[in-house]
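Enquirer: predicted model and sequence follow; I will ask about them next.
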Protein chains: 2
Amino acid sequence: MSDLLARLRARSWRLTAQRRVVAQVLDGDHVHFTADEIHARAAALLPEISRATVYNTLGELVALGEVVEVSTDGRAKRYDPNAHHAHQHLVCESCGTIRDVHPLGDPLAGLPAAERYGFTVSGVAVTYRGLCPDCAAGAAPPARTGSTGTGSTRTEA
Amino acid sequence: MSDLLARLRARSWRLTAQRRVVAQVLDGDHVHFTADEIHARAAALLPEISRATVYNTLGELVALGEVVEVSTDGRAKRYDPNAHHAHQHLVCESCGTIRDVHPLGDPLAGLPAAERYGFTVSGVAVTYRGLCPDCAAGAAPPARTGSTGTGSTRTEA
DNA sequence: ACCCTACCTTAGACACTGTCTAAGTCAACA
DNA sequence: TGTTGACTTAGACAGTGTCTAAGGTAGGGT
């Protein structure tokens, strides 16, 4: 977590206790939490932290390029702290788990000019869908309540 | 619209006036409306149609494979009636317009087995982001209120 | 042609996710 | 230490989607 905080300090971020715990939660693992999960984990370390602060801080981290927002479905966005290596996502349709993956080649190369319809194309998001090993083994899908916040996983074809 | 209705009839759908107008709205164009926009257009044809019915009908059309749900961002889902031809989406980051595109090759082929982490991969969504010709030409981005429902367009990297 | 009944629709409440505001607090600098 | 402008807070609010109970109706049976 020192790396992230050092980079933030270098960008003249005011290092408040709230921002520290949000950074700490994100830096702990390469998991992809929802804002609500991040709030819950931050509140375990700093009980009085408010929802608005978590949203503000996440928004700033995204604007700074330290964290990537992932919207795999119509539900809550997830936040990916692995912003410094290009990668795509593999989403379990049953439990909502997200894994970072590194496909071959440049996904942008697949779109010929004739298929760009005059658009200025600046990026591409690739989301692979499937079942994670646990869910494929027949484990019951975990509850998907709002407070636990694992979210649903339907995505476009 | 006769094709879609014929297919639905063949699946023993009860053809109510409400379902007819929703199918008619979706079948009119290859645009990608939000549920709210579909409700507004359906209500123009059948004023007493309710929001719940539109959501129910869209959910059933998705379950039947006649319509594809598209979630390009954390906002409202859009519904794509072009479910019978494999394609991907090109999204304008300014106005939210979606175009169907047909990239080269099979996007699934880009993910080697070593990058699948035991997942059973069943599909992939590719969303190209950029600016449509109108927005790139400097046109002011249209208003993005809830009722007009063009939605925001931030997606993951 | 009419009746039944299971399926469908409706209005509105409710839940979740995210944004905004006004007032109070505090990190960083002088 | 004092100052100040950025930060935080609680709660209201907005957009999107789901659910429920009550009433309506399409379509098959008679």
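Expert: All right, it came through fine. Residues are numbered from 1 along each chain as shown, chains lettered A, B, ... in the order given.
Enquirer: for the rest of this, base every contact and every neighbour count on C-alpha atoms.
Expert: OK.
Enquirer: please see if stretch A:49-65 touches DNA strand C.
Expert: Yes. Remark: stretch A:49-65 sits within contact range of DNA strand C at A:51-52, A:55, by C-alpha under 7 Å from any atom of the strand.
Enquirer: so which residues of chain A form helices?
Expert: A:2-10, A:17-27, A:35-45, A:51-63, A:133-136 (DSSP state H).
Enquirer: these: which one's closest to A:E93?
Expert: Proximity to A:E93, assessed across the helices of chain A by C-alpha to C-alpha, is greatest for helix A:133-136 (9.0 Å).
Enquirer: now that closest one: buried residues?
Expert: A:135-136 (16 or more other C-alpha atoms under 10 Å in any protein chain shown).
Enquirer: which other residues reach stretch A:97-107?
Expert: Contact with stretch A:97-107 is made by A:31-32, A:86-92, A:124, A:126, A:132, A:150, B:110-112, B:115-116, as judged by C-alpha atoms under 8 Å, 6 or more residues apart in numbering or on different chains.
Enquirer: same question for stretch A:40-54.
Expert: With C-alpha under 8 Å, 6+ apart as the criterion, stretch A:40-54 contacts A:18, A:21-22, A:25, A:35-36, A:38-39.
Enquirer: export these to TSV and tack on pLDDT?
Expert: Shown next, in TSV, are the contacts of stretch A:40-54 (pLDDT from 0 to 100):
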residue	pLDDT
A:Q18	97
A:V21	96
A:V22	96
A:V25	94
A:A35	95
A:D36	95
A:I38	96
A:H39	97
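Enquirer: pipe those into a markdown table and attach distance to chain B per row.
Expert: Shown next, in a markdown table, are the contacts of stretch A:40-54 (distance: C-alpha to the nearest C-alpha, whole Å):
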| residue | distance to chain B |
| --- | --- |
| A:Q18 | 25 |
| A:V21 | 24 |
| A:V22 | 20 |
| A:V25 | 20 |
| A:A35 | 12 |
| A:D36 | 14 |
| A:I38 | 17 |
| A:H39 | 18 |
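Enquirer: out of these, who's nearest DNA strand D?
Expert: Closest approach between those and DNA strand D, by C-alpha to the nearest atom of the strand: A:Q18, at 4.4 Å.
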